[in-house]
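Participant: What follows is a predicted structure for the sequence shown.
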Amino acid sequence: MSMSLSDSDSSSYGGDYKNFKQISRDRLLHEMLQRAKTGDSKSTWKVLIMDKLTVKIMSYSCKMADITEEGVSLVEDMYKRRQPLPSMDAIYFIQPTKENVILFLSDMSGRSPLYRNSPISKELIAHIKKDGTVLPRIGALIEMNLEYFAIDSQGFITNNERALEELFGDEEDTRKGVACLNVMATRIATVFASLREFPYVRYRAVKSLDATTMTTFRDFIPTKLAAGVWDCLMKYKKTVKNFPETETCELLILDRSVDQIAPVIHEWTYDAMCHDLLNMEGNKYVHEVPSKTGGPPEKKEVLLEDHDPVWLELRHAHIADASERLHEKMTNFVSKNKAAQIQHGSRNGGELSTRELQKMVQALPQYSEQIDKLSLHVEVAGKINRIIREQGLRELGQLEQDLVFGDAGMKDIIKYLTTKDDTTRENKLRLLMILAAIYPEKFDGEKGANLMKLAKLPPDDMNAVNNLQLLGGSSETKKSSMSPFSLKFDMHKKKRGVRKERTGEEETWQLSRFFPVIEELIEKLHKGELSKDDYPCLNDPSPTFHGTSHGSSLHPPPVAHSMRSRRTPTWARPRDDGYSSDSVLRHASSDFKKMGQRIFVFIVGGATRSELRVCHKLTNKLKREVILGSSSLDDPPQFITKLKLLTANELSLDDLQI
């Protein structure tokens with residue numbers, strides 16, 4: 001889609017700090033809707049016509065109230081029959097496809113057009129010029145570079161939901177993979193055009209073990225995507241007004257093979273637990289609230305998003321910490337409100353149940369909004385903790401993390417599978433997938449089948465484990481699984497840690513040891529220590545970008561902490577940690593203004609919530625805004641489903657490890 005920004009001088013720097021999602025929202029509301037008000041139009045209200053893709057882009061960035069405030073009274077689907085409204089102006093926010101052009105011409109041509117005036121993308125001009133009756137009815141032309149979906153204040157997706165299947169699947173036909181990468185590259189480039197950023201493009205290099213090792217299409221995914229993004233950026237340098245001439249930020253392109261464990265291991269933060277355990281549809285949570293008429297409870301849909309200050313504060317906290325903070329908030333609320341204390345029947349606070357809070361809502365309408373928010377999160381956290389107890393997730397989580405850090409091995413897995421019959425099918429599968437990522441040789445031939453029988457898992461689940469091999473993995477994993485010498489010793493080795501302990505700081509909460517690989521990669525990139533052999537760049541750094549040294553970083557790193565020390569869990573920090581809503585409001589505009597250039601990380605094949613959390617954490621730690629992009633944002637159930645769709649074309653596991 002190439003309906004992007006008008007080429008106004010709108011740098012992302014200067015003025016009050018705005019996060020990534022706020023910038024996307026402003027582009028849509030100001031550049032498109034407000035500019036549509038200019039001209040001699042006498043119409044006050046507008047009709048906004050969109051196609052399926054642009055509806056999704058709009059919904060990620062704006063609420064309906066935002067759109068109506070800008071004078072839009074009606075939103076229409078371009079592909080549905082619409083009532084003529086000749087007295088109203090129209091804004092078309094559409095992709096420049098042949099089908100859309102035909103529909104637009106149909107809307108605006110003839111004696112009785114559907115609408116009065118219509119701003120459109122300049123890509124359509126050549127085709128539209130042929131129709132002399134339409135040109136006088138065009139009020140304004142605005143190009144939008146917004147072909148991405150802002151899922152978070154520091155995250156976006158390109159909406160390539162089938163990227164894993166199309167890129168890592170059938171090796172016989174790469175046409176779908178090439179088409180997928182082309183779309184992805186175009187959409188990533190619009191992020192930089194929108195922000196007026198010119199990145200220093202780095203990517204994970206192809207890792208060939210030796211001259212006899214055959215590389216595959218999958219090995220070249222980051223390389224090909226980097227080249228595609230670069231081509232688009234070169235076009236923007238020529239066509240987009242005020243596009244930077246020198247590098248302003250860093251982009252690191254990876255694929256899912258960089259970390260096969262993060263998508264399936266249990267992440268213990270409030271946000272991740274909500275999406276992993278509660279079967280939410282996107283950010284939508286359905287809960288029961290007391291009926292105002294005294295009848296049975298009513299079902300209510302709520303969105304767990306940034307507009308909720310409680311969610312904003314707790315989303316990256318460990319579930320145990322989130323539960324503690326909620327209890328503190330309720331106790332403080334009661335102690336500060338005498339009327340609430342009287343209603344609760346307690347002069348000194350005390351523990352409140354969700355039901356008691358809901359009764360207070362009915363009796364004290366002036367407190368309803370605050371109590372509604374608190375009672376919602378008490379209910380959500382309570383449900384999560386109940387599932388954790390019922391499924392025995394603490395013991396499973398401990399085993400997962402011990403396995404990753406080399407503190408557990410095959411004996412521990414076998415013991416767990418033989419003694420924990422009540423473990424769910426999905427949890428056993430996730431455990432075996434972690435095992436396969438660390439010990440791929442344990443699934444060779446009959447060994448894998450025997451493990452699946454021990455776990456009492458069907459062949460369908462075995463596909464997910466086998467297909468994990470299609471993601472490739474690091475050269476170290478390949479060497480250990482392919483070299484007879486190393487394999488001989490690995491067979492007798494009990495432990496193989498794939499994460500190094502980052503010791504030196506006390507850990508407050510259990511099960512917070514795990515960290516995704518991108519955390520170390522981003523820290524190394526920030527310090528200028530990321531290997532140029534493993535992660536080469538497409539553009540040589542300009543003198544104004546990296547100074548005189550190719551190895552220096554964009555922003556001088558803080559020297560207070562050793563990079564080899566254990567990461568400080570976000571939930572182990574003091575309350576004023578940059579994550580609480582109060583802290584965000586106090587520090588955002590001042591701290592971020594002083595930040596160095598942005599760091600963008602893009603993961604092909606789906607990102608995880610733990611990786612998004614890390615970007616928020618490192619933004620505060622490094623004092624550089626870190627933005628995560630991906631083809632999609634996948635929770636463990638989604639990732640496993642996608643992995644099962646990959647095809648191996650009857651290749652043996654030995655072939656898959658090449």
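Facilitator: Now that the structure is in, tell me what you want to look at.

Participant: Strand partners (parallel or antiparallel) of the longest strand seen in the chain?
Facilitator: Counting residues, the longest strand in the chain under DSSP state E turns out to be strand 596-604. Using DSSP bridges, strand 596-604 pairs in its sheet with strand 249-255 (parallel), strand 624-630 (parallel).

Participant: which outside residues touch the last one?
Facilitator: With contact meaning Cβ atoms under 8 Å, 6 or more residues apart in numbering, strand 624-630 is reached by 19-20, 148, 152, 154-158, 188, 191, 518, 522, 526, 554-555, 592, 595-607, 611-612, 615-616, 618-619. Heads up, the C-betas are built off the backbone N, CA and C, glycines and all.

Participant: can you rerun that using 7 Å?
Facilitator: 20, 154-157, 188, 191, 522, 526, 555, 592, 595-603, 606-607, 611-612, 615, 618-619 (Cβ atoms under 7 Å, 6 or more residues apart in numbering).

Participant: Look up phi and psi at residue 76.
Facilitator: Dihedral pair for residue 76: phi -120, psi 150, per degrees, to the nearest 10.

Participant: By mean pLDDT, which helix or strand of the protein comes out lowest?
Facilitator: Within the chain, confidence by mean pLDDT, DSSP states H and E is lowest for helix 484-490 among all helices and strands, at a mean of 35.

Participant: Read off the pLDDT value for residue 73.
Facilitator: You'll see residue 73 listed with a pLDDT of 84.

Participant: next one: phi and psi at it?
Facilitator: The phi/psi pair for residue 73 (degrees, to the nearest 10) reads phi -100, psi -10.

Participant: are any of the contacts of strand 624-630 buried, and which?
Facilitator: 20, 154-157, 188, 191, 522, 526, 555, 592, 596-603, 606-607, 611-612, 615, 618-619 (16 or more other Cβ atoms under 10 Å).

Participant: thought residue 613 was touching residue 268?
Facilitator: No: between residue 613 and residue 268 there is no contact under Cβ atoms under 7 Å: 10.7 Å.

Participant: More neighbours: which of those two?
Facilitator: Each of residue 613 and residue 268 has its neighbours counted (other Cβ atoms under 10 Å); residue 268 has more, 27 against 24.

Participant: residues contacting that one?
Facilitator: Residue 268 touches 318, 319, 397, 511, 512, counting by Cβ under 7 Å, 6+ apart.

Participant: I'd guessed the second one sits against residue 274; true?
Facilitator: When you say that, I think you mean residue 319. No: if you go by Cβ under 7 Å, residue 319 and residue 274 don't touch, sitting 9.3 Å apart.

Participant: what do those two both touch?
Facilitator: Joint contacts of residue 319 and residue 274 (Cβ under 7 Å, 6+ apart) are residue 384.

Participant: one step back: C-alpha coordinates for the longest strand of the chain, CSV please?
Facilitator: Extracted in CSV, the C-alpha atoms of strand 596-604 (Å, rounded to 0.1, in the frame of the first residue of the first chain):
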residue,chain,number,x,y,z
GLY,A,596,20.2,8.8,21.4
GLN,A,597,19.0,7.5,18.0
ARG,A,598,16.4,4.8,17.9
ILE,A,599,17.2,1.1,17.6
PHE,A,600,14.9,-1.0,15.4
VAL,A,601,14.9,-4.8,15.6
PHE,A,602,12.8,-6.8,13.1
ILE,A,603,12.2,-10.6,13.5
VAL,A,604,10.9,-12.5,10.5
